[in-house]
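Enquirer: Everything below, folded, please.
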Amino acid sequence: MTETVTVTPAAGIDSDGNPANSGDPVVLTPLEVAPGNLLVRHGVGGDLTGVEFTVYLPLRVRFEGAWTSTEDLVRTGDDILVRGKQCTALVSVWRDRHGRRGAVEVLARSATGKAA
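Expert: Numbering: from 1, shown residues only. Sure, this is the predicted structure:
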């Protein structure tokens, strides 16, 4: 059985400054789901934060019949359901120097602040 994660875009603000609805959930198949670290440094000069899972996604996925950039489907602040645990995504995209290989790394932090 292939493992999946479900990403629900975070609600934002529309062009008129009103709260916007969150988008439709998207189910993605990760390359790997790894355990989180107690403390992980995210990004250059980033803060330390506890994460439950590290989810690795490909740079592009088939979405609604077309190849789509994964970073268009999951962003920092989105909700991500990993192994039955609701988390908040911290997203980092990395590529080789030619931009052809890499992955989207998602640090999944528990929405409740409690470890599994």
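Enquirer: Now do Thr76 against Arg100, distance only.
Expert: 24 Å (CB to CB, to the nearest Å). Yep, even glycine has a C-beta here, placed from its N, CA and C like the rest.
Enquirer: swap in Ser69?
Expert: On the measure of CB to CB, Ser69 and Arg100 end up 13 Å apart.
Enquirer: ok, now Tyr56?
Expert: Counting by CB to CB, the gap from Tyr56 to Arg100 is 17 Å.
Enquirer: ok, the two, which is more surrounded?
Expert: Ranked by neighbour count (other CB atoms under 10 Å), Tyr56 and Arg100 place Tyr56 first, with 13 against 8.
Enquirer: can you count the residues close to the nearest residue to Thr2 once chain neighbours are set aside?
Expert: Among residues not flanking Thr2 along the chain, Thr29 sits closest, at 5.7 Å (CB to CB, 6 or more residues apart in numbering). By the measure other CB under 10 Å, the count of residues near Thr29 is 12.
Enquirer: Isn't Thr29 up against Val7?
Expert: No - counting by CB atoms under 8 Å, Thr29 does not reach Val7; the two are 11.7 Å apart.
Enquirer: which stretches of this structure have low pLDDT?
Expert: Filtered on pLDDT under 70, the chain yields the residue ranges 1, 13-15, 17-19, 38-49, 111-116.
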